[in-house]
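Trainee: sequence and predicted model, in that order:
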Amino acid sequence: MSSPSDLRLDWCSHKAAQYAVMHWHYSQSMPAGKNVKVGVREDEQFIGCVVFSRGASNHIGRPYGLGQTEVAELTRVALTVHETPVTRIIALAVRFLHAQSPGLRLLVSYADPGEGHHGGIYQGGNWIYVGQTSPDFAIIDKHGRRWHSRMVSASGVKKCFGQPKRVIRPDEGTKMALPGKHKYLMPLDDAMRAQIEPLRKPYPKRAKQASASDQDVCGGAAPTCTLQTSKATLAP
């Protein structure tokens, strides 16, 4: 096993994060909008990244009485083969982010049972499980690309972060039902923990047919782009 000195986290470039997500995350897509990207190295080798963002909803903090600058979503954990436990990498990335953005009070993340995930990496880090989101749907286009319901419109156009964007129409593909996602919360101060702890529910168990880990890893050439030390922020 690697010793703690073998592990290093730092801000990473969009190019490095995109490489990791395209090669080592099942979605193969970077989240839209403003992101903060924390790169991870073991033995000086780039092994992936942890990406935080504002999330898909502008009201992600509303259920907890939080403004947009007080909450963020952990949207990607993209890692190749590594020795450090994922829960430790996430915990260090969270500390790294919070030290740079002390105004953050809560993190949200989701595990998709449709991909065989139940949230084991969050359970291992003592995140608070608050249940499943409502079932949803996606449209599968003729190229096999999956379009989430947020990116489906009868007109073929939707505003994304204030800008019109071409999206898919329901009649341009096949509708696919999606199960609700498992939702996890990580409070970043004692008052927030006291507020959301009563929401805690028993952790879901791994589905019997799901044998892969929550963050499957695969091989791939190490990117040449290096970590950068310039600061990043989720603040507007």
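Mentor: Thanks, I have the structure now. Keep in mind that this is a model prediction, so the values were computed, not measured.
Trainee: C-terminal to the helix or strand hosting residue 177, what's the next element?
Mentor: Secondary-structure assignment from DSSP states H and E places residue 177 in strand 173-178. For strand 173-178, the following helix or strand on the C-terminal side (DSSP H and E) is strand 182-187.
Trainee: mind listing what's buried along that next one?
Mentor: Going by neighbour count (16 or more other Cβ atoms under 10 Å), the buried part of strand 182-187 is 182-187. In short, each C-beta sits where N, CA and C put it, glycine included.
Trainee: and it, which strands flank it?
Mentor: In the sheet containing strand 182-187, its partner strands are strand 106-111 (antiparallel), strand 128-132 (antiparallel), by DSSP bridges.
Trainee: which residues sit against that strand?
Mentor: 74, 94, 105-113, 117-119, 122, 125, 127-133, 193, 195-197, 199, 204 (Cβ atoms under 8 Å, 6 or more residues apart in numbering).
Trainee: residues touching residue 152, list them.
Mentor: Residue 152 is in contact with 138-139, 167-170, counting by Cβ under 8 Å, 6+ apart.
Trainee: how far does the helix ranked longest in the chain sit from the chain's center?
Mentor: Using DSSP state H to define each element, the chain has its longest helix at helix 86-100. For helix 86-100, the distance from its own C-alpha centre to the chain's C-alpha centre is 13 Å (Cα atoms, centre = their mean, to the nearest Å).
Trainee: angle of it against strand 182-187?
Mentor: For helix 86-100 against strand 182-187, the angle by axes from the mean of the first three to the mean of the last three Cα atoms, to 10 degrees is 50 degrees.
Trainee: put together a markdown table for the buried residues of strand 182-187, with pLDDT and distance to residue 44 on each row.
Mentor: Compiled in a markdown table, the buried residues of strand 182-187 are given as follows (pLDDT from 0 to 100; distance: Cβ to Cβ, whole Å):
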| residue | pLDDT | distance to residue 44 |
| --- | --- | --- |
| 182 | 93 | 35 |
| 183 | 95 | 36 |
| 184 | 97 | 31 |
| 185 | 97 | 34 |
| 186 | 98 | 29 |
| 187 | 98 | 34 |
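Trainee: in a markdown table, list these along with distance to residue 69.
Mentor: Formatted as a markdown table, the buried residues of strand 182-187 follow (distance: Cβ to Cβ, whole Å):
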| residue | distance to residue 69 |
| --- | --- |
| 182 | 26 |
| 183 | 21 |
| 184 | 21 |
| 185 | 17 |
| 186 | 17 |
| 187 | 16 |
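Trainee: need the pLDDT of the closest residue to residue 106 other than its chain neighbours.
Mentor: Counting by Cβ to Cβ, 6 or more residues apart in numbering, residue 71 is the residue found nearest to residue 106 once chain neighbours are left out, at 4.6 Å. Residue 71 is assigned a predicted lDDT (pLDDT) of 95.
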